[in-house]
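1. no FASTA, just this:
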């Protein structure tokens, strides 16, 4: 393709009447991402924002999702995303359902499709389900008319790139270079994580072609990421580094949670223990907040994937080590509900319980694997009347609990959610919940009123003075 014009730093506005060909000719490189979800959409928005001379497309088969991105109102909630999107949308960032055409035009193709834990057949409950990944690889092979760099962005098992390379390059023809470029985004801070990453990993083959492909991707990130934070390595190390990072983070959460019950019994405060441990420079303070457990699309999935890989290679002790991290997480959810029952006279039948927070963490609307899902279901099994509030995740909550019918109420006003309740369970640490008028809430609840703080977010002493019986993870209860 020949370029007729290229003015770095100058924005060319694209009008509806312009042809796409005229726009493309000013672009240094065409980038495509297949998958417009929590990873693909934000990542491409930042790349387009930081690399104005690149044309970036995002393709997805979900028409409603693509329309939302095209409208400038992202289908996911992420602080700062809307502003970043606005700067590049229809300038050098475009969203489409026509993946076939986008593949033909692209130089670099990111694959960011869903790879959930398998729910059927061999490896069910442990292995990654790679059907969407393989379908995408075959689609790329069928539509490509020129050499491409294909980048694994989805979290995949180690040596998946080898399988992708085999599919793409089978039978000769167009040549593909497959790279690994795992994402390390934390929902709620994804834009900051993209703008100021701790590191960017790029794995490629140790060949002339592989090194050239790696360098092409390095040049993209080097627009805003310091070179010393861009790490290049072999593909397999890059793939395993993603699983290992999430496993280590999940392990820290389960470790502090494993101490929380002991703190409650002995009178120790898990927050003080976490502070003391975290001040050790060899350990550090991050991911040492005791709570009802981790959630989200990555931690459990990646841990189970790691368990499956270890078992598949005969490393049974290693597999059991990582499996225990998941078990501890499940145990913490059950322990929280058992504590609620014990402190509410061993029955919640017919009692209204307000749930504050449904997203798996604050500052996101994502509810995948949220501890709240499991806690709500356990409470409904105990025949409680559950009322859910969340500032961003109520629509997802309705979907996640749709089978429970009128046993669950979804309330957009936290004060109304708590009105007439016997207890409040705070399960997501939204700032909103720390700013509520709890005296007003207390006066409209059934007495004695209980507050179960599953995130150690609230001032237990202040709540106790109001009149609440307060039960916080890893701390001595404050009761009247």
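-> Structure's in. What do you need? Because the structure is a prediction, the values reported are computed rather than measured. Numbers count the residues shown, from 1 in each chain.
2. pull out the buried positions in stretch 154-173.
-> Within stretch 154-173, the residues scored as buried using 16 or more other Cβ atoms under 10 Å are 154, 155, 156, 157, 158, 160, 161, 163, 164, 165, 167, 168. Any C-beta I mention is one placed from the backbone N, CA and C, and that applies to glycine too.
3. against residue 281, how distant is the second one?
-> Spelled out, that is residue 155. 30 Å (Cβ to Cβ, to the nearest Å).
4. any low-confidence regions in the stretch 351-480 of the chain?
-> Regions of the stretch 351-480 of the chain meeting the criterion pLDDT under 70 are absent.
5. for residue 320, phi and psi?
-> Per-residue torsions, residue 320: phi -70, psi -30 (degrees, to the nearest 10).
6. residue 470 now?
-> Torsion angles, degrees, to the nearest 10, at residue 470: phi -110, psi 130.
7. pull the number of nearby residues for it.
-> Residue 470: 23 surrounding residues under other Cβ atoms under 10 Å.
8. list the residues that contact it.
-> By Cβ atoms under 8 Å, 6 or more residues apart in numbering, residue 470 lies in contact with 450, 451, 453, 458, 460, 463, 464, 477, 478, 479.
9. so which of those residues are in strands?
-> 450, 451, 453 (DSSP state E).
10. wait, the first one sits on residue 423?
-> Meaning residue 450. Yes. Using Cβ atoms under 8 Å, residue 450 is in contact with residue 423, at 4.1 Å.
11. so for the two, which residue has more residues nearby?
-> A count of neighbours by other Cβ under 10 Å puts residue 423 above the other of residue 450 and residue 423, at 26 against 23.
12. so the more buried one bridges to which residues?
-> residue 353, residue 450 (DSSP bridges).
13. which pLDDT value belongs to residue 33?
-> Here the pLDDT value assigned to residue 33 is 96.
14. just the element for it, please.
-> strand 29-34 (DSSP states H and E).
15. neighbouring contacts of that strand?
-> With Cβ under 8 Å, 6+ apart, strand 29-34 has contacts from 24, 40, 43-44, 47, 53-60, 99, 102-103, 105-113, 136, 139-140, 153, 216, 220.
16. likewise stretch 242-257?
-> 155, 157-158, 182-184, 201, 270, 273-274, 277, 286-291, 293-294, 298-300, 302-303, 305-306, 309, 322, 324-326, 328-329, 332, 473-474.
17. ok, now stretch 406-423?
-> Residues outside stretch 406-423 that contact it (Cβ under 8 Å, 6+ apart): 340, 344, 348, 351-356, 376, 380, 385-389, 394, 397-398, 401, 424, 432-433, 436-437, 440-441, 444-446, 449-452.
18. give me the nearest residue to residue 305, chain neighbours excluded.
-> residue 128 (5.2 Å; Cβ to Cβ, 6 or more residues apart in numbering).
19. is it true that that neighbour touches residue 307?
-> No. Under the criterion of Cβ under 8 Å, residue 128 makes no contact with residue 307, lying 11.5 Å away.
20. buried ones among the contacts of stretch 242-257?
-> Buried, going by 16+ other Cβ under 10 Å: 155, 157-158, 182-184, 201, 270, 273-274, 277, 287-291, 293-294, 298-300, 302-303, 305-306, 309, 322, 324-326, 328-329, 332, 473-474, out of the contacts of stretch 242-257.
21. helices - which of those land there?
-> Counting by DSSP state H, the buried ones among the contacts of stretch 242-257 place 270, 273-274, 277, 299-300, 302-303, 305-306, 309, 322, 324-326, 328-329, 332 in helices.
22. burial count for residue 442?
-> 17.
23. who's in contact with it?
-> 449, 466, 467, 468 are the contacts of residue 442 under Cβ under 8 Å, 6+ apart.
24. quick one: contacts for the last one?
-> Listed by Cβ under 8 Å, 6+ apart, the contact partners of residue 468 are 438, 442, 449, 450, 451, 478.
25. for the stretch 351-480 of the chain, what spans make up the helices?
-> Here the stretch 351-480 of the chain has its helices, by DSSP state H, counting those that start in this stretch, at 371-381, 394-400, 414-418, 431-434, 438-443, 460-466.
26. okay if I get those helices as JSON lines plus distance to residue 173?
-> Output for the helices of the stretch 351-480 of the chain, formatted as JSON lines (distance: least, Cβ to Cβ, whole Å):
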{"stretch": "helix 371-381", "distance to residue 173": "46"}
{"stretch": "helix 394-400", "distance to residue 173": "43"}
{"stretch": "helix 414-418", "distance to residue 173": "59"}
{"stretch": "helix 431-434", "distance to residue 173": "54"}
{"stretch": "helix 438-443", "distance to residue 173": "66"}
{"stretch": "helix 460-466", "distance to residue 173": "66"}
